[in-house]
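> here's my sequence, what's the structure:
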Amino acid sequence: MEVADFMFVRQQTSKFTWNISFWNVRGLNNPLKQDKVLQRAHHNKVDVLCLLETRVKKEKSVGLLETKFAKWNVYTNYEYAQNGRIWILLKKDLDFSLCDVSSQSITVKGSFQGATLIITAAYGSNDGISRRLLWHQLREIDIKYGHLPWIVGGDFNIILKSNETSAHELLGPVSSPEMKDFQEVTQELALQDHPFFGPLFTWSRSDHCMALVLLNKEVEANRPKPFKFFNFWALHPSFIHEVHQSWQPTIQGNPMQVLFSKLKRLKGSLKRLNKDCYSDISNRFQQKKIELEMQQLSTLRGDDTLEKELTLQKELKSLEEAELMFLKQKGKAQWLKEGDRCTKFFHSIIAAKNKRDTIRVIVDDQGRRLESFDNMATEVINYFKSLIGTADPSVTNCDPTLLKDLLHYTLPIGASSDLVKGVSTEEIKAAIFNQGNDKAPGPDGYTPYFFKNAGMWLETM
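Below is the predicted model of the structure:
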């Protein structure tokens, strides 16, 4: 018994008022089972009913859908999978369109009260290799519709975590390449495991549980966003002055309390700097670009001096650099979503990633260049087959004396004191300056780039 059925969401979807169900019905040929499905859907006021493993032949489905399911619009994947592995049934009054269909998934897009939502019903293959096609299809869908709220549900035929099987207590923490594939795609696409109540194990050899997503309209809470330092703030001429002015007033307490309190107080000054100079930075850049173009025309007509144009060019360049740093820093976590804004920056990231992950040519032992997919695949398989059961002459036996020395190793005289000695200012600086500028900020929201640019002021104040 294990969790085979999952639901994942991305972005807030509380503005919708739809009830969506995912259910592996394990066959829908029996009239009693058909009645049971419709009764459950009616009882739970289901608007979108995603049925998996229907096992209904295509020729039989036509009459069934026109009679018992006549009140529903339907999308199926008979053209890609035998016996219609997936049906998506939609209430007649809902406005939906088909986005993508394959042997392991169907994706639809719905519009309700001016808002749009993407729904993907998935039924993963039992074979791990074939299931990778599903992960690839989800990535393709994300590239096209990643800016929209997205619900992915169904039976993936693989668990995400080891505790999602009843054998967990017996086997303990386990992992597999198939689980890692599943984990990687959910992390890469920023999909969050949907919270639920009900049984943890949704599948046994007898049947699957019906999963129901309730999307109710609620008033969004006005919660303040956590502070995050954006590196482009350090480009502003007033940045160091703002840090200096905020840092000067004395605070009582131990050094850690003083540092924490001053960093907290500085956040207000930096937020004001951002609001006054960088809020809606992409729009500011476009407006400054238009202003420069108008000024250039004025300069050409002789109505104004060249100095004003040069000043605007300098301001535009500063905004362009700030916008690039903003997108680069934000893109570390959301580059797929932001890519749909059609910015050159994110499209270049996507292109570079695809190129980096693509093997275009392999040279075999005979020096021949293999460029076709079939030839490269054959060479890779043959290469790893040849490694099985063969000895590597470059690997030598380990000297028993070396192992004995490692087991009885003792620290040199005086080395133990290095483990408890104080940390110097130079070591702290080296640790900070060796970090990448775009590394994730700490719990206080400040990035390494902040301390690199303001650190010497902080140290002297």
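> list the backbone torsions phi and psi for Ile119.
Ile119 has phi and psi values of phi -120, psi 130 when expressed as degrees, to the nearest 10.
> tell me who's in contact with it.
Going by CB atoms under 8 Å, 6 or more residues apart in numbering, Ile119 touches Ile20, Val48, Cys50, Ile88, Thr107, Val108, Lys109, Gly110, Trp150, Ile151, Gly153. To be clear about C-beta, it is placed using only N, CA and C from the backbone, and glycine gets the same treatment.
> repeat that for 7 Å
Ile20, Val48, Thr107, Val108, Gly110, Ile151 (CB atoms under 7 Å, 6 or more residues apart in numbering).
> quick one: which of the residues you listed sit in helices?
When DSSP state H is applied, the contacts of Ile119 are split such that none fall in helices.
> in strands, which of those appear?
Ile20, Val48, Thr107, Val108, Gly110, Ile151 (DSSP state E).
> which of those residues lies closest to Leu214?
Ile20 (8.3 Å; CB to CB).
> in this structure the closest one contacts Gly154, no?
No - with contact defined as CB atoms under 7 Å, Ile20 does not reach Gly154; the gap is 11.3 Å.
> so, low pLDDT: which residues of this protein?
1-17, 112-113, 166-172, 195-207, 216-224, 330-358, 360, 455-461 (pLDDT under 70).
> any idea which helix is longest in it?
helix 306-338.
> strands of the protein, residue ranges please.
5-10, 18-24, 48-52, 72-76, 86-91, 95-101, 105-112, 115-123, 150-155, 192-193, 211-215, 362-363, 369-370.
> which one of these lies nearest to Leu407?
Comparing these under CB to CB, the one sitting nearest is strand 362-363, at 43.3 Å.
> show me the domain layout of this structure.
5-215, 231-348, 359-388 (automatic domain parsing).
> CSV for these, including distance to Glu427?
What follows is the domains of the chain, written out as CSV (distance: least, CB to CB, whole Å):
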stretch, distance to Glu427
domain 5-215, 34
domain 231-348, 17
domain 359-388, 43
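> ok, Ile20 and Gly154, which is more surrounded?
Gly154 (29 against 25; other CB atoms under 10 Å).
> what pairs with the more buried one across the strands?
Beta bridges link Gly154 to Phe6, Ala122, judged by DSSP bridges.
> that one against Leu52, yeah?
Yes - counting by CB under 7 Å, Gly154 touches Leu52, with 5.6 Å between them.
> who touches both of those two?
With CB under 7 Å, 6+ apart, Gly154 and Leu52 have common neighbours Ala121, Tyr123.
> one step back: and the strands of the chain: which comes nearest Gln435?
Of the strands of the chain, the one closest to Gln435 (CB to CB) turns out to be strand 192-193, at 28.1 Å.
> what strands line up against the closest one, and which way round?
Sheet partners by DSSP bridges: for strand 192-193, these are strand 5-10 (antiparallel).
> and Lys144, how far from Cys99?
7 Å (CB to CB, to the nearest Å).
> output the strands of the chain as CSV; include the columns distance to Thr396.
Listed next are these as CSV, based on distance: least, CB to CB, whole Å:
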stretch, distance to Thr396
strand 5-10, 48
strand 18-24, 54
strand 48-52, 54
strand 72-76, 61
strand 86-91, 55
strand 95-101, 54
strand 105-112, 50
strand 115-123, 49
strand 150-155, 50
strand 192-193, 48
strand 211-215, 56
strand 362-363, 28
strand 369-370, 33
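> which of those sits closest to Asp280?
Short answer: strand 115-123, nearest of the strands of the chain by CB to CB, at 22.5 Å.
> chain center to the closest one: distance?
16 Å (CA atoms, centre = their mean, to the nearest Å).
> ok, which stretches of the stretch 101-250 of the chain are helices?
With DSSP state H, counting those that start in this stretch as the criterion, the stretch 101-250 of the chain has helices at 128-145, 168-171, 177-188, 239-247.
> can you lay out these as JSON lines showing distance to Leu292?
Putting the helices of the stretch 101-250 of the chain into JSON lines (distance: least, CB to CB, whole Å) gives the following:
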{"stretch": "helix 128-145", "distance to Leu292": "34"}
{"stretch": "helix 168-171", "distance to Leu292": "62"}
{"stretch": "helix 177-188", "distance to Leu292": "39"}
{"stretch": "helix 239-247", "distance to Leu292": "24"}
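> find the centremost residue of the protein, please.
In the chain, the residue lying closest to the centroid (CA atoms, centre = their mean) is Ala190, at 2.6 Å.
> quick check: that residue vs Ile143, distance?
13 Å.
> Gln329 too?
For Gln329, the distance to Ile143 - CB to CB - is 21 Å.
> more neighbours, these two?
Gln329 (21 against 13).
> isn't the more buried one right up against Asp438?
Yes - counting by CB under 7 Å, Gln329 does reach Asp438; the two are 5.6 Å apart.
> circling back to that earlier point, and the domains of the chain: which comes nearest Thr401?
Across the domains of the chain, closest to Thr401 is domain 359-388 (CB to CB), at 30.2 Å.
> start and end of the closest one, how far apart?
23 Å (CA to CA, to the nearest Å).
> in it, what counts as buried?
The neighbour-count check on domain 359-388 (16 or more other CB atoms under 10 Å) flags Ile362, Leu370, Met376, Glu379 as buried.
> cool, and stretch 179-197?
Met179, Asp181, Phe182, Val185, Thr186, Leu189, Ala190, Leu191.
> those: which two are farthest apart?
Met179 and Ala190 (18.8 Å).
> got the buried residues of domain 359-388 as TSV, with distance to Ser279 columns?
Listed next are the buried residues of domain 359-388 as TSV, based on distance: CB to CB, whole Å:
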residue	distance to Ser279
Ile362	51
Leu370	54
Met376	50
Glu379	55
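> nearest to Arg40 among those residues?
Nearest member of the buried residues of domain 359-388 to Arg40, counting by CB to CB, is Met376, at 49.0 Å.
> from memory that closest one sits against Arg368, does it?
No - between Met376 and Arg368 there is no contact under CB under 7 Å: 11.3 Å.
> is it possible to export the contacts of Ile119 to JSON lines including distance to Leu402?
Shown next, in JSON lines, are those (distance: CB to CB, whole Å):
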{"residue": "Ile20", "distance to Leu402": "62"}
{"residue": "Val48", "distance to Leu402": "65"}
{"residue": "Thr107", "distance to Leu402": "58"}
{"residue": "Val108", "distance to Leu402": "63"}
{"residue": "Gly110", "distance to Leu402": "66"}
{"residue": "Ile151", "distance to Leu402": "57"}
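> which pair of those residues spans the longest distance?
Top of the distance list for the contacts of Ile119 (CB to CB): Ile20 and Thr107, 13.2 Å.
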